[in-house]
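Novice: Predicted model follows, preceded by the sequence.
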Amino acid sequence: MKIICFIFASIFSTAAFGLSAIEKAVSDAGIQQTDTLEAKIDKALWLLNEKRYFYPEKPIGKLPPPLDIPYQLDSMRTPEQILEQKVGGSCGSSALAFAAILKASGVASKDIQIVNSVVNKDLTIICPKAGLPRVQNPQSGAPGHVFVAIRFPSNTWKIINSIDGSRNYERADWYAPDEVQKRMKVEAIAIPRSAFKSLPTSTYGSGLTVFQSWSPEEILLHTYEQRYDLIASGNLKDSPAICRFTTPKNPPPLPPPTQ
């Protein structure tokens, strides 16, 4: 069953003695260093989604700050904490855990990107016009989705929906990280619909726009309120955050394969 990005619950767990939580996840997935990239992806998605590795079996009481706000289960924890605590979380937690498992299994960090996106109709509320400060106190929950982009041996990049199971996960051609950063300075980049076509149209029907793409080492822990600044400017340095772009009226088709 699909898991929408902002649905959360919780349960505590501990990592095995002598192994980090990430290393234990690699072991539990049955991943070998000699596996192909495709095999590593399949096994990681099988563990996270089909085996529901860090999803809760039953709800627990309200968690202490900062995890008392559901969004911050995804944005205020490291992959090690996510895989050790097994306390709820959704698409952001899944993406971070997926990327960490791949990295620990031998995939180079430079070949992995965490891609954060926001729903277009909410981007319009937060950033109605490029070049101006973002709206203060926007009447928007800023829903979105987090993907993982991976470079394959053919030197092509694919963007993957990491909340899918291993048998039929959604993916699409994607840009190299340098190209993403260059384009985001001047234009909105749409997530290809083939990468999220099974997500509910009631939430995602207006499309998704990228607001940041990070390597595993660049991930910036942030609060729910700081999310608005990240959506607007891509960082937390600017105050007020200046909008880089407005919502695309006609999302472009799939990007061409990376050369």
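Specialist: Good, I have the coordinates.
Novice: Can you show me the helices along the stretch 101-250 of the chain?
Specialist: For the stretch 101-250 of the chain, helices defined by DSSP state H, counting those that start in this stretch occupy the ranges 120-126, 177-184, 201-204, 224-233.
Novice: Just put the ones you listed in JSON lines and tack on mean neighbour count and distance to residue 242.
Specialist: The way it works is simple: take the backbone N, C-alpha and C, and place the C-beta from them, glycine included. Shown next, in JSON lines, are these (neighbours: other CB atoms under 10 Å; distance: least, CB to CB, whole Å):
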{"stretch": "helix 120-126", "mean neighbour count": "20", "distance to residue 242": "12"}
{"stretch": "helix 177-184", "mean neighbour count": "15", "distance to residue 242": "13"}
{"stretch": "helix 201-204", "mean neighbour count": "14", "distance to residue 242": "26"}
{"stretch": "helix 224-233", "mean neighbour count": "20", "distance to residue 242": "6"}
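Novice: So which of the ones you listed is nearest residue 43?
Specialist: With CB to CB, the closest approach to residue 43 among those belongs to helix 177-184: 24.5 Å.
Novice: Can you pull out the residues in contact with that closest one?
Specialist: Contacting residues not belonging to helix 177-184 are listed as 113, 115, 149, 175, 189, 210-211, 213, 215, 234, 244-245, 258 [CB atoms under 8 Å, 6 or more residues apart in numbering].
Novice: Helix or strand: which one has residue 40?
Specialist: According to DSSP states H and E, residue 40 maps onto helix 37-45.
Novice: What segments of the chain are strands?
Specialist: Ranges of strands in the chain, per DSSP state E, are 112-119, 144-151, 157-160, 171-174, 208-214.
Novice: would you turn those into a markdown table with mean neighbour count and distance to residue 26?
Specialist: Below are the strands of the chain laid out as a markdown table (neighbours: other CB under 10 Å; distance: least, CB to CB, whole Å):
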| stretch | mean neighbour count | distance to residue 26 |
| --- | --- | --- |
| strand 112-119 | 25 | 14 |
| strand 144-151 | 24 | 16 |
| strand 157-160 | 22 | 18 |
| strand 171-174 | 21 | 21 |
| strand 208-214 | 23 | 21 |
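Novice: would a markdown table of those with mean pLDDT and distance to residue 227 be doable?
Specialist: Shown next, in a markdown table, are the strands of the chain (pLDDT from 0 to 100; distance: least, CB to CB, whole Å):
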| stretch | mean pLDDT | distance to residue 227 |
| --- | --- | --- |
| strand 112-119 | 97 | 9 |
| strand 144-151 | 98 | 9 |
| strand 157-160 | 98 | 20 |
| strand 171-174 | 96 | 22 |
| strand 208-214 | 96 | 9 |
